[in-house]
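Student: what's the 3D shape of this:
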Amino acid sequence: MPRKVKTPGRRRHGSGWQTFVKGNHGEKNITKSWPLDTDPAVMDEWIEKQKALRDGRKAVDASAGFAADVAAYLAKPEVRILASVRPRGKSGKPGKRVVCLNWWLARLGRDRARHSITVDEIKIALYELLATGNDGRPMKRGSVRAYKIALSAFFTAMDPEGFNPCFRVKLRTEPKAAPRGQRMDVVTAILAEMTDRHRGAVSLSKVRARVMAFTGLPQNLIREITPADLIPTPVAPTHVRVSPRHKGAGADGRILKLTPSAREAFVDFHAANAYGDFSSSGLWQAFTLAASKLGYAGIRPYDLRHSFCTNLYRATEDLNLVAYNAVHAPGSHLTIEYARAAEADVAESGIDRFGLWMAAEAAKVAAGTNAEKPATPDAAPVAEVQPEVPKLPRKVARPRNPHVRRHLRAA
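Tutor: Numbering: from 1, shown residues only. This next block holds a predicted model:
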């Protein structure tokens, strides 16, 4: 029988073909599945392209370097509209993704080909950020992950079918931080400690902090609120229209009902004309100063959003309601993170309700038992006659050994 001829880099896989290229040291093989009727020339072209990428030789546009590729990536229309790419606020500072990519250009080199960047280089750079950051202090894992996401999105956008070295880099997992949600008495105490007026005018930082505390809206969505979004009127709102959220997986716009405290906060918000863009640093300084006066260290303005979601879950025990009011994407893990601070209270409340339910069920059983007792001690309950069910013959398992089956047939 003639031997099968094997084509290097191509093999049958399931109901079609699979092409593969062996990765460099420490990297996994690069594979791709194809339908059975795919032209072999197309698969061979893919194999040669992946080999060129693996060896650091650029297959297309060899004249451009890493810096030119980054500029071309940032010029794409679908990239320019991202919130992480657009300039930030009135300052006009570049977005977070632009900052991260500029850091990668300085760290890895501007003139080299992007396909020559290795997994080990990326891993060493990210772990250095974890250890020393950009200013000699350790950087949090979430911030380091933003650098990895920026570079990974760049590789994917420039060559969707090519090798992305960021996929091979895994940052070490760290224990989850303590929940940041505070109880409402702490929130109201800090808000009351914030000064009502600043330099003779109404303190806009306090007005915006109260909106954030009683609605749970992030600062970016508060910046986009206009008088027309306060329904029915800005002087007596009952609902607020929220713009779509583009962070993460994104979330659709919605109309949220306001609590009495949120209505009062928005009335003051409208009276102070606090609409439009504002500086986050001013809100940060005013809030942290008031918290430090009361002895609460490490609390930040964004914890007002955490606190709203935590207390909403503590009161309603409904994660879907929390996700809706937090303007989260469906199935977002952040909803559970916001509710973690109230898990113990919700568990205790649930056990208390379960205990009451068990007591009620026991009372029902006791009442039913007393009601079903016969009126006279001589009366006996009549047993119901159950029809007999014919028993089926038990099926004997067939021995797997053919010699045993032959002896059974002979017997």
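
Student: List the buried residues for stretch 255-271?
Tutor: Across stretch 255-271, burial judged by 16 or more other CB atoms under 10 Å covers 256, 258, 262-263, 265-266, 269-270. To be clear about C-beta, it is placed using only N, CA and C from the backbone, and glycine gets the same treatment.

Student: In CSV: the residues you listed, plus pLDDT and distance to residue 285.
Tutor: Supplementary listing: the buried residues of stretch 255-271 in CSV, determined by pLDDT from 0 to 100; distance: CB to CB, whole Å:
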residue, pLDDT, distance to residue 285
256, 93, 28
258, 93, 28
262, 93, 24
263, 94, 28
265, 93, 20
266, 94, 23
269, 93, 20
270, 93, 24
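
Student: so of the residues you listed, which ones are in helices?
Tutor: When the buried residues of stretch 255-271 are checked against helices using DSSP state H, the ones located there are 262-263, 265-266, 269-270.

Student: in the residues you listed, which two residues are the furthest apart from each other?
Tutor: Across these, the two members that end up farthest from each other (CB to CB) are 262 and 270, 12.6 Å apart.

Student: Out of the buried residues of stretch 255-271, the closest to residue 181 would be?
Tutor: residue 262 (17.4 Å).

Student: how near is the residue nearest to that closest one when sequence neighbours are not counted to residue 48?
Tutor: The spatial neighbour of residue 262 that comes closest, neighbours along the chain excluded (CB to CB, 6 or more residues apart in numbering), is residue 214 at 4.1 Å. From residue 214 across to residue 48, the span is 61 Å (CB to CB, to the nearest Å).

Student: and those two? which has more neighbours close in?
Tutor: More neighbours sit around residue 214 than around the other of residue 214 and residue 48, counting by other CB atoms under 10 Å; the figures are 23 against 13.

Student: My read is that the residue nearest to residue 262 contacts residue 268, right?
Tutor: No - applying CB atoms under 8 Å as the test, residue 214 and residue 268 come out as separate, 10.8 Å apart.

Student: dump the residue contacts of residue 17.
Tutor: For residue 17, the contacting residues are 10-11, 33-36, 38, 43, by CB atoms under 8 Å, 6 or more residues apart in numbering.

Student: circling back: in contact with the residue nearest to residue 262, which residues?
Tutor: The neighbours of residue 214, taking CB under 8 Å, 6+ apart as the test, are 258-259, 261-262, 265, 308.

Student: and of these, the nearest to residue 207?
Tutor: When the contacts of residue 214 are compared for distance to residue 207, the smallest value, 7.5 Å, is given by residue 265; criterion: CB to CB.

Student: Spit out the contact partners of the spatially closest residue to the closest one that is not a sequence neighbour.
Tutor: Excluding its sequence neighbours, the residue lying closest to residue 265 (CB to CB, 6+ apart) is residue 210, at 4.2 Å. Taking CB under 8 Å, 6+ apart as the contact definition, residue 210 lies against 191, 265, 268-269.

Student: what about 10 Å?
Tutor: Residues in contact with residue 210, defined by CB atoms under 10 Å, 6 or more residues apart in numbering, are 187-188, 191, 194, 261-262, 264-266, 268-269, 304.

Student: Equivalent analysis for residue 196, please.
Tutor: With contacts taken as CB under 10 Å, 6+ apart, residue 196 has the following neighbours: 202-203, 206-207.

Student: Could you measure from residue 221 over to residue 215?
Tutor: Separation of residue 221 from residue 215 (CB to CB): 9 Å.

Student: Tell me how many other residues crowd the spatially closest residue to residue 321 that is not a sequence neighbour.
Tutor: With CB to CB, 6+ apart as the measure, residue 312 is the residue that lies nearest to residue 321, at 6.7 Å, once sequence neighbours are left out. In terms of burial, residue 312 registers 23 neighbours under the definition other CB under 10 Å.

Student: Tell me how far the closest residue to residue 250 other than its chain neighbours lies from residue 149.
Tutor: Nearest non-adjacent residue to residue 250, counting by CB to CB, 6+ apart: residue 329, 6.0 Å away. Counting by CB to CB, the gap between residue 329 and residue 149 amounts to 16 Å.

Student: anything in contact with each of residue 262 and residue 270?
Tutor: Counting by CB under 10 Å, 6+ apart, the common neighbours of residue 262 and residue 270 are residue 237.

Student: Can you classify the residue nearest to residue 262 as helix, strand or coil?
Tutor: Reducing the assignment to helix, strand or coil with DSSP: H, G, I helix; E, B strand; the rest coil, the entry for residue 214 is helix.

Student: what's the answer for residue 41, then?
Tutor: The assignment at residue 41 comes out as helix when based on three-state DSSP.

Student: The one 5 residues further on too?
Tutor: Secondary structure, three-state DSSP: residue 46 is helix.

Student: neighbours of it, just the number please.
Tutor: 19.

Student: Not counting its neighbours along the chain, what's nearest residue 216?
Tutor: Leaving aside its sequence neighbours, residue 216 sits nearest to residue 308 (CB to CB, 6+ apart; 3.4 Å).

Student: Would you mind confirming that that neighbour is in contact with residue 325?
Tutor: Yes - with contacts defined as CB atoms under 10 Å, residue 308 counts as touching residue 325 at a distance of 7.8 Å.

Student: Give me the more crowded residue out of those two.
Tutor: Ranked by neighbour count (other CB under 10 Å), residue 308 and residue 325 place residue 308 first, with 26 against 19.

Student: And the host helix or strand of residue 98, what's buried?
Tutor: Taking DSSP states H and E as the definition, residue 98 sits inside helix 96-108. Of all the residues in helix 96-108, those buried under the rule 16+ other CB under 10 Å are 96-101, 103-105, 108.

Student: Do a quick rundown of the helices in the stretch 301-411 of the chain.
Tutor: Assigned helices in the stretch 301-411 of the chain, in chain order: 303-316, 319-325, 334-339, 343-371, 402-410 (criterion: DSSP state H, counting those that start in this stretch).

Student: among those helices, which is the most enclosed?
Tutor: Burial of these is given as mean neighbour count (mean count of other CB atoms under 10 Å); helix 303-316 ranks first at a mean of 23.

Student: Which neighbouring elements make contact with that helix?
Tutor: In terms of contacts (3 or more CB pairs under 10 Å, 6 or more residues apart in numbering; DSSP states H and E), helix 303-316 is packed against helix 184-193, helix 204-215, helix 280-293, helix 319-325, helix 334-339, helix 343-371.
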